[in-house]
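Student: Using only what follows, build the 3D model:
(one chain, ligands or ions: 1)
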Amino acid sequence: MSFPHGKTFSDHFLTRGSNILGLLFDWGMNPASNELFTDAHTTYSFTGETVTDAELTAIYDLAKFAPTPMNSQALRVHFVRTLEGKERLLPLLDEGNRVKSANASAVAILAFDTDFHELLPEHFPQVPNARDIHQDPDKRFSSARDIAILQAGYFILAVRAAGLDAGPMAGFDRAGVDAEFFSGSSWRSLYLVNIGHSDPQGQRPRNPRLSAERAIGWS
Ligand SMILES: Cc1cc2nc3c(=O)[nH]c(=O)nc-3n(C[C@H](O)[C@H](O)[C@H](O)COP(=O)(O)O)c2cc1C
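Tutor: Next up, the predicted model:
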């Protein structure tokens, strides 16, 4: 095992102090990127182990810190984790998706708040008229959706960071979910995320990803 700048283990440990994470990075091991990206998989089947409301709240409490335009927070989350809640949700899923949500410990309905702009004076006080930028309801709807899609990506990674497994899904009846769960409110459904502890059989082999050569441009 080698250390940067020809240092010995004890030199290096002294410099890093007890920062184990720093040492792992220097050794080429990056636990965060493995856990969030390279080793993590979409999950389709769960062990049934209970996930507590505190664990579910902790997911949101991580995701909320990731950046958004003008700190606009459009994402809303409705957790379905009771039998009664699942009975309301499952008929609204594409048939092939029902069994996946049925055995998840919880299903997060990720939504966007079309009135997210009302909170901008609180969340972005340095621009006192930020709310006025979003007066047009159609443009505001698109902005809310765009911001929440970004935050949904963060949410999926936050599930993994919280030590749980995630199975995001777009295959469901959005209008039906809105009528069943968000009637009379400004929330609109976006994606579902099945959450729990992955059954070892619950993953599919990794499909190929677009290589850096094909996906990156330079100038
Ligand atoms: C926004 C989104 C929507 C998805 N919708 C569905 C879905 O409706 N049903 C399904 O079985 N998988 C769905 N998936 C799962 C993807 O197919 C899966 O994440 C992708 O193939 C990567 O798999 P991997 O993490 O195992 O590499 C969805 C994933 C995302 C991020």
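Student: Give me the domain ranges for the chain.
Tutor: 8-39, 53-202 (automatic domain parsing).
Student: of all the ones you listed, which lies closest to W218?
Tutor: Closest to W218 of these is domain 8-39 (C-beta to C-beta; 22.3 Å). To be clear about C-beta, it is placed using only N, CA and C from the backbone, and glycine gets the same treatment.
Student: and that closest one, average pLDDT?
Tutor: In this model, domain 8-39 carries a mean pLDDT of 65.
Student: re the thing from before, most tightly surrounded among the domains of the chain?
Tutor: Of all these, domain 53-202 carries the top mean neighbour count, a mean of 17, counting by mean count of other C-beta atoms under 10 Å.
Student: Can you give me the end-to-end span of it?
Tutor: End-to-end distance for domain 53-202, by C-alpha to C-alpha, to the nearest Å: 23 Å.
Student: How about the secondary structure of A179?
Tutor: Under DSSP: H, G, I helix; E, B strand; the rest coil, A179 falls in the helix class.
Student: meant to ask about I195, not that
Tutor: strand.
Student: what's the nearest residue to it if we skip its chain neighbours?
Tutor: Excluding the flanking residues, the one nearest I195 by C-beta to C-beta, 6 or more residues apart in numbering is A106, at 4.8 Å.
Student: mind listing what the closest residue in space to D199 that isn't next to it in sequence touches?
Tutor: In space, and not counting its chain neighbours, D199 is closest to S45: 4.3 Å by C-beta to C-beta, 6+ apart. Neighbour list for S45: K100, N103, S198, D199, Q201, G202 [criterion: C-beta atoms under 8 Å, 6 or more residues apart in numbering].
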